[in-house]
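Undergrad: Return atomic coordinates for the entry below.
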Amino acid sequence: MRPGIETGMLASYAMTACPASCYVWLGEYGKARSYAEGVTVHEAAPAASRSPSREAIARIDLAMALAGLGVPGEAAAVGLQAPGSSQVADSVQSRAADLDATHGPVPGSGRGAQLP
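TA: Residues are numbered from 1 along each chain as shown. Just a heads-up that it's a prediction; the model follows:
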């Protein structure tokens with residue numbers, strides 16, 4: 001623990017976002033979906049304690065899990081929600097490229113899950 005620094009939110013991300021990414025790579029899409037959906041609880045937290053890049057990656061993981069589960073329309077909708085900011089980290093860009101490469105462009109968008 002670090003005095004004066006709230007680490008609960010970071011621990012929560014570690015317990016949800018990290019397993020979601022791992023399960024996507026293992027092809028365990030049902031488990032990945034469960035963990036990635038768990039990250040959405042952070043959206044109710046104060047902005048100062050949130051991590052937009054971790055939330056975006058969790059949405060991309062959720063999109064990949066949904067695509068793997070055979071729900072491409074829902075996957076596309078979630079994938080397009082991932083970039084919530086114009087200040088997107090390189091790690092988010094990289095994961096969005098993984099989504100495009102793995103599951104193809106988002107239908108009807110004229111683009112993949114490309115970020116602004």
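Undergrad: quick one: buried residues of the helix or strand where A75 lies?
TA: Using DSSP states H and E, A75 sits in helix 72-81. For helix 72-81, burial by neighbour count (16 or more other C-beta atoms under 10 Å) applies to P72, A75, A76, V78, G79, L80. (C-beta placed from N, C-alpha, C; glycine too.)
Undergrad: Equivalent analysis for stretch 81-98, please.
TA: Using 16+ other C-beta under 10 Å as the burial criterion, the residues of stretch 81-98 that qualify are A82, P83, V88, A89, V92, R95, A96, D98.
Undergrad: where in this protein is pLDDT low?
TA: Scanning the chain for pLDDT under 70 picks out 1-7, 9-10, 40-49, 84-88, 103-116.
Undergrad: just the helices in it please.
TA: 8-26, 29-38, 52-68, 72-81, 90-103 (DSSP state H).
Undergrad: Could you report the separation of S51 from S21?
TA: For S51, the distance to S21 equals 14 Å [C-beta to C-beta, to the nearest Å].
Undergrad: Then R95?
TA: R95 is 8 Å from S21, by C-beta to C-beta.
Undergrad: what do the two both touch?
TA: I57, D61 (C-beta atoms under 8 Å, 6 or more residues apart in numbering).
Undergrad: if we can go back for a sec, just name the closest of the buried residues of helix 72-81 to A36, please.
TA: V78 (8.8 Å; C-beta to C-beta).
Undergrad: Please consider this matter closed, and thank you.
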